[in-house]
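> Provide a 3D model corresponding to the input given below.
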Amino acid sequence: MATSSIETNSTSGEERYTLDTNILIYAVDRSAGSKHQVAIDIVDRSTERPCILTVQALAEFVFAVTRKALVPRHEAVAQARDWLRAFPIVAADATALDVAYAAFEKERFGLFDALLLATARQAGCSIALSEDMHDGAALDGIVVRNPFAGQALVNDLRPLLGL
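You can find the predicted model right below:
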């Protein structure tokens, strides 16, 4: 697990990306239909790709899946801990929070969405996979992509996921 020593550029030359909380939630939500399997594939493939997770996304995941009773508390925490070992992890700092506040004040993003994006951007990510934010929205050089938006978009993301 690493929270501060992540290089800002991917050593493989591939685009670095992050997963928003909703992707993680769909990966355990068996009632999510086809999104469940797509999310499992994304998360599984991402462990071998230049993907980071934020502390925020992991904390939101545990909160959301236990609040919605998708999985028991001990299973949610165990899953989050597995991801702590499988992915590089980054945490927000004061600079990311300031970027998030500015985007929030301009009504460009919700505060927590902006914080996730700003944190991932500081870690060198250029893409955030999310269903909850507008596909194509950008903040400080990181672009939101919705892997559930349709076949053309899924095809567009195939190289990112190593498909």
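
> check which helix or strand covers residue 61.
Assigned by DSSP states H and E, residue 61 belongs to helix 55-67.

> got it, and residue 109?
Per DSSP H and E, there is no helix or strand for residue 109.

> That one: what's it in contact with?
By Cβ atoms under 8 Å, 6 or more residues apart in numbering, the contact list for residue 109 reads 100, 103, 117, 133, 137, 139. Every C-beta, even on glycine, is put in place using the N, C-alpha and C of the backbone.

> ok, now with 7 Å
Residue 109 makes contact with 103, 117, 133, 139, according to Cβ atoms under 7 Å, 6 or more residues apart in numbering.

> if we can go back for a sec, roughly how far is the helix holding residue 61 from the heart of the chain?
12 Å (Cα atoms, centre = their mean, to the nearest Å).

> go on, stretch 132-139?
12 Å.

> list the buried ones in it?
133, 137, 139 (16 or more other Cβ atoms under 10 Å).

> So what touches the helix holding residue 61?
19-21, 24-25, 28, 71, 73, 76-77, 80, 83-84, 89, 91-92, 112, 115-116, 119.

> Let's check: the centremost residue of this structure is which one?
residue 19 (1.7 Å; Cα atoms, centre = their mean).

> confidence score at the closest residue to it other than its chain neighbours?
Counting by Cβ to Cβ, 6 or more residues apart in numbering, residue 129 is the residue found nearest to residue 19 once chain neighbours are left out, at 5.3 Å. Note for residue 129: predicted pLDDT of 97.

> ok now do residue 24, which residues does it touch?
43, 57, 61.

> what about the residue nearest to residue 95 when sequence neighbours are not counted, how many neighbours?
Counting by Cβ to Cβ, 6+ apart, residue 95 lies nearest to residue 122, which is 6.8 Å off, once chain neighbours are set aside. Counted with other Cβ atoms under 10 Å, the neighbours of residue 122 add up to 20.

> Next one: residue 122 from residue 141, what distance?
Distance of residue 122 to residue 141, given as Cβ to Cβ, to the nearest Å: 10 Å.

> if we can go back for a sec, identify, from the buried residues of stretch 132-139, the entry nearest to residue 52.
Among the buried residues of stretch 132-139, residue 139 lies closest to residue 52 (Cβ to Cβ), at 16.0 Å.
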